[in-house]
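Enquirer: Any chance you could fold what I've pasted below:
(chains A, B and C)
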Amino acid sequence: MIEVKNLTKKFGRRRVLENVSFTAEKGQITCLIGINGVGKTTTLKAIMGLTPYKSGTILIDNEPISKQVYEKITFIPDAAIMPPSMTIGEALVFMQDFYSNWNNERALELLKFFNLKEEFRIAELSKGNTAKVNLLMGLAIDVDYILMDEPFSGIDIFSREQIANVFTSHLIEDRGVIITTHEINDIEHLIDKVILLDNGSVLKEFYTEEMRSQEGKSVIDVMREVYRA
Amino acid sequence: MNHFFKLLNFEINRFIKIYASLLAIVIIIQTIGVAVVSNSFVNRANEMMMENRWTQEEFIKSNGKMSFSEFMNSFWFAGPIAIAATALIFYIFLIWYREWYGKNTFIYRLLMLPASRYSIYFAKALAIFLMVLGLVGVQILVLPLENELFKVIVPNALREVLAVKDLIYTNAITMVLIPSTFTQFLLHYSAGLMAVFTLFTAILMERSYRFKGIIFGVLYCAAVLALFSAPLFIAAMLDMGNMLYPMEFLMVEIVLGFIASVCSILIGHQLLTKKVSV
Amino acid sequence: MNKYWKISIIIALTIMTIGAFYTHSAYSSTQLPQFHIKEERGNSELIKNVAISAFYMVDSHGEGVSIEQNKTTYDSEKSFFEQFNRDYARTDSTIKQLQKKYRNFMRGKLNISSFYEDKQLLAFADIDNNTGNGSRSFIFNISVLNKKTGNSTSFKYEIPSPEKYNHIYVEDVQYFGKELKVLTRSYQQNIGGQDVSKYIFDIPNEKLLSKEEVFAGSKTLLEYSLIPNIDPIQPSKYAVFSISEPVYEPEETEAPEPPKPKEKELVVYDLEQNKKLDTIFPKEIQKINTDAIQPYVDGSTAYFAEEADQKVKLTAFNLETGKIDNEITLPIDLKGKYNEMRVVVKDGKFYLLVKNHDMQTANVKIMIADIKTESIVFEGRLAADKNMRQSLRSLELYDIQIK
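Expert: Numbering: from 1, shown residues only, chains lettered A, B, ... in the order given. Predicted structure coming up:
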């Protein structure tokens, strides 16, 4: 379980996150939704230890982030994160080199699935292919948790379909996923839990299944209620 | 440790093309330089002997013999070394900043590796250090060969015979790069490594606190410089210039250098772990 | 291992080249000439303790070199610690030995003229010249170490009316009874000339007893130069001064003429009795050009050397009796136009080093004479293993040291 407790972060005087608390379970897809943009990516970075924060606690299976925990959790940002001069093949070798839990078979499988070639150069990838490579590199590590930042933003419709298909495949299985997005449509049916953020604070946290069965509302319905209020 | 070597290897491979070009520049320009400087001397000698109807003896009497150090004191020798040194100093900065710039932010991957952040830090420092040593190694290797080329071009009678060692001892650049004793070599390069750590810390300060970080970084560099030169200043201010024996002075400097390096490494690691933002 | 080949090459290259550079003889051997002292006649045992320090200079290459009987050591061949000590403290061997024995007392004390040593004590007196930044002061730093007990006392004394002086330095330090006597030379502010003064300090009470002008050069406008002691730190009762009219360098000389021997007078000052002696130096000594070869004082004897007609004549003059004790003439008979000479008197022996050279020849001759018996006991020449003439010509002699 990923636990975020009272996470507060400032950029200068501006408050980006204020007392943000939520949990994300293994085997579930948790979605961080925010309209006004700020805070979602920062939360993911904070969980990964990629950005300092003022106060709060973040635990991954009851442990703070450390080099051991980096074998358990991976982050898939929305920009290319391998050196531009590398080819995809070289990037895969690099990953295999450093991660003991790298699953090369799965990497090759994904490569095929996404129609990517090993000799493609990172610098020359389209936005959609960059997202696919990031996804590939995140998913090919045998981790318990995956954090995805805006996997669908600025991507063509076919790539979106391909990425969305990943969520229903064996590739996700019983891993815990935290995903940020502002376009809920593509994946609404996949999400187990929703956290609505606004101006750096959690407005509402709920399970989609419960919401649908008990109150008969879809995620969009709840969002309308919360953000229009 | 394993991760450290992999990262070191990775850092070297990333710069290898430019590095190889730098080595090539050093070798090619210096070799051309030996040929140019030697040939122009020989031509001048021949011309003067023709014009004045001089014998070799008479020419030597008025112009002297040519020594290989003439080449070593020329731009042909110092220029490429300066280019390579500048490039490597520039790379001290680039080795960090390249992780952030452009739409490819490799720093994400680097910081998420299941490797200690010390490994990341030291891999970068050692990569620079190793490339500097490699450059020095190449210079040591080619210098005798260049000397041989000089011997081929300039006739025996017109040249001064000096051993490579003697040439190195009297040239300002080689005296710093390859001092005559190994102890001094260690001291020079430890000081160099200390400078690299100091700059790294300044860079990481900028990466952590951005604009304010530049000020911190500059102040930090000034502080290290002040610490390192403190024994000199304190002695001068208290008017006791020779209170420390040379060896004691050296020991104090070594201890201060060690303290400065350890501080830089600890602060650098702390920043990389807790403060740096991607 | 394949993907590590680049880094492997760099590491291997680095270790091999740098390793070879610091261990392999192809890199560490020098091609500079190796010198040795070739014995021509006499007792070669005597040359064992002699070291000649010089500077070897060919074109752009120049470095210090020390030459012993069968050993040549260039500065670059010395260990780091030797090089470092040489670079950072240009100290002579006497001070180095004192530093070994009295490490803490010797801290920060470097000026050889400021020391005095006898069986009981080691004394030091120097003057701090502070003339920068508008302030002006001249302060004596006096320290005396009791060699038996290891106790030391030190105190300062500030010279009054600092505005009168431009700078002041110590020429000699002696110790009689409980009194430390310091000879100083002070350069006056505004007016020319140098005064030689004597300060007497009461060591147990740490105070100045008296100050006396020995020679007032600022009034007489004469030059008073102290003839140095052979061993500047040993007890010495007499100070010998050479008094002469100052010679002003003519402006913009067309051709550098050899300086004419100055008209001068020699005076002996008894530091114990605080008075000038009426010793009269014979005419032949008075006319010796002391600028050409440095004269020395050793206890109650003064040594004067003079070169003329391919010979060097040494005269040992007794300051107390006013008589010449010994005279010895060394034939140098060398053909070159130019002579450069260095002399040292030590333990009753006279060491003479002559470099003689012109376009055709270059020779470095070394002779040792026994002063008491007035006989030459060693004669030899410097030889080089290659390019003898040029190697010798490229050698600039500094001095002779006798261990």
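
Enquirer: Please identify which helix or strand holds the residue in chain A positioned nearest to chain C.
Expert: Per Cβ to the nearest Cβ, the residue of chain A with the smallest distance to chain C is A:Val93, at 7.9 Å. For glycine as for every other residue, the C-beta is placed from the backbone atoms N, C-alpha and C. A:Val93 is part of helix A:88-98 when elements are defined by DSSP states H and E.

Enquirer: what does stretch C:15-24 rub up against?
Expert: With contact meaning Cβ atoms under 8 Å, 6 or more residues apart in numbering or on different chains, stretch C:15-24 is reached by B:133, B:136-138, B:140-141, B:178, B:181-182, B:185, C:26-28.

Enquirer: swap the cut-off to 6 Å and go again
Expert: Contact with stretch C:15-24 is made by B:Gly137, B:Ile140, B:Leu141, B:Phe182, C:Tyr27, as judged by Cβ atoms under 6 Å, 6 or more residues apart in numbering or on different chains.

Enquirer: next one: stretch B:135-150
Expert: Outside stretch B:135-150, the residues within contact range by Cβ under 6 Å, 6+ apart are B:23, B:27, B:30, B:34, B:38, B:68, B:84, B:164, B:177, C:13-14, C:17-18, C:21.

Enquirer: Check what pLDDT residue 10 gets.
Expert: Assuming you mean chain A. Note on A:Lys10: pLDDT of 85.

Enquirer: not what I meant, chain B
Expert: Per-residue pLDDT puts B:Phe10 at 94.

Enquirer: would you say it is within a helix?
Expert: Yes. In this structure, B:Phe10 lies within a helix as judged by DSSP: H, G, I helix; E, B strand; the rest coil.

Enquirer: Give the buried residues for the helix holding A:Val93.
Expert: By 16 or more other Cβ atoms under 10 Å in any protein chain shown, the buried positions in helix A:88-98 come out as A:Ile88, A:Glu90, A:Ala91, A:Leu92, A:Val93, A:Phe94, A:Met95, A:Asp97, A:Phe98.

Enquirer: Dump that helix to PDB, keeping only the CA atoms.
Expert: Listed in PDB are the C-alpha atoms of helix A:88-98, where the atom choice follows Å, rounded to 0.1, in the frame of the first residue of the first chain:
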ATOM      1  CA  ILE A  88      15.400   2.000 -27.900                       C
ATOM      2  CA  GLY A  89      17.500  -1.200 -27.900                       C
ATOM      3  CA  GLU A  90      20.300   0.600 -26.000                       C
ATOM      4  CA  ALA A  91      17.800   1.900 -23.500                       C
ATOM      5  CA  LEU A  92      16.500  -1.600 -22.900                       C
ATOM      6  CA  VAL A  93      20.100  -2.800 -22.300                       C
ATOM      7  CA  PHE A  94      20.600   0.000 -19.900                       C
ATOM      8  CA  MET A  95      17.500  -0.900 -18.000                       C
ATOM      9  CA  GLN A  96      18.400  -4.600 -17.900                       C
ATOM     10  CA  ASP A  97      21.800  -3.600 -16.600                       C
ATOM     11  CA  PHE A  98      20.500  -1.700 -13.600                       C
END
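
Enquirer: which is the next helix or strand following it?
Expert: Going down the chain from helix A:88-98, the next helix or strand is helix A:104-113, by DSSP H and E.

Enquirer: what does the helix or strand just after that following helix rub up against?
Expert: Per DSSP H and E, the first helix or strand lying C-terminal to helix A:104-113 is helix A:127-139. Outside of helix A:127-139, the residues within contact range by Cβ under 6 Å, 6+ apart are A:Thr74, A:Ile76, A:Ala80, A:Met95, A:Leu110, A:Phe114, A:Ile146, A:Gly154, A:Ile155, A:Asp156, A:Ser159, A:Leu171.

Enquirer: following helix A:127-139, which helix or strand shows up next?
Expert: In N-to-C order, the element after helix A:127-139 by DSSP H and E is strand A:145-149.

Enquirer: now the angle between strand A:145-149 and whichever helix or strand comes after that following strand, please.
Expert: As assigned by DSSP H and E, the chain's next helix or strand after strand A:145-149 is helix A:157-168. In this structure, helix A:157-168 runs at an angle of 160 degrees to strand A:145-149, with axes from the mean of the first three to the mean of the last three Cα atoms, to 10 degrees as the basis.

Enquirer: List the buried residues of helix A:157-168.
Expert: Counting neighbours by 16+ other Cβ under 10 Å, one finds that the buried residues in helix A:157-168 are A:Ser159, A:Arg160, A:Gln162, A:Ile163, A:Val166, A:Phe167.

Enquirer: Can you give the distance of the helix or strand following that helix from its chain's centre?
Expert: Counting by DSSP H and E, the element after helix A:157-168 in chain order, helix or strand, is strand A:176-181. Here strand A:176-181 shows a centroid-to-chain-centroid distance of 4 Å under the convention Cα atoms, centre = their mean, to the nearest Å.

Enquirer: any low-confidence regions in the chain?
Expert: All of this refers to chain A. Applying pLDDT under 70 to chain A picks out residues A:36-38.

Enquirer: Let me rephrase: I mean chain B.
Expert: Residue ranges of chain B with pLDDT under 70: B:1, B:104, B:239-241.

Enquirer: all helices for it, in order.
Expert: Per DSSP state H, chain B has helices spanning B:2-52, B:56-63, B:68-72, B:75-97, B:106-112, B:117-153, B:164-170, B:172-177, B:182-237, B:246-270. These are given in chain order.

Enquirer: Of all residues in chain A, which one is nearest the centre?
Expert: What sits nearest the mean C-alpha location of chain A, by Cα atoms, centre = their mean, is A:Met148, with 1.5 Å.

Enquirer: Give me the domain ranges for chain C.
Expert: If the domains of chain C are taken from automatic domain parsing, they occupy C:34-90+C:292-403, C:92-247+C:258-278, with pieces of a single domain joined by a plus sign.

Enquirer: Any chance of TSV for those, columns mean pLDDT and distance to B:Ala230?
Expert: Compiled in TSV, the domains of chain C are given as follows (pLDDT from 0 to 100; distance: least, Cβ to Cβ, whole Å):
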stretch	mean pLDDT	distance to B:Ala230
domain C:34-90+C:292-403	87	17
domain C:92-247+C:258-278	89	18
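
Enquirer: would you turn the ones you listed into JSON lines with mean neighbour count and distance to B:Gln56?
Expert: Written out in JSON lines, the entries for the domains of chain C read as follows (neighbours: other Cβ atoms under 10 Å in any protein chain shown; distance: least, Cβ to Cβ, whole Å):
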{"stretch": "domain C:34-90+C:292-403", "mean neighbour count": "17", "distance to B:Gln56": "15"}
{"stretch": "domain C:92-247+C:258-278", "mean neighbour count": "16", "distance to B:Gln56": "35"}
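
Enquirer: for those domains, which one sits closest to chain A?
Expert: With Cβ to the nearest Cβ as the measure, domain C:34-90+C:292-403 is the member of the domains of chain C nearest chain A (41.2 Å).

Enquirer: measure the closest one end to end?
Expert: When the termini of domain C:34-90+C:292-403 are compared using Cα to Cα, to the nearest Å, they are 21 Å apart.

Enquirer: Next: stretch C:99-107.
Expert: The separation between the terminal residues of stretch C:99-107, taken as Cα to Cα, is 8 Å.

Enquirer: And the residue located most distally from the centre of chain B, how far from B:Ala157?
Expert: No residue in chain B sits farther from the centre than B:Arg53, which is 47.2 Å out by Cα atoms, centre = their mean. Counting by Cβ to Cβ, to the nearest Å, the separation of B:Arg53 from B:Ala157 is 17 Å.
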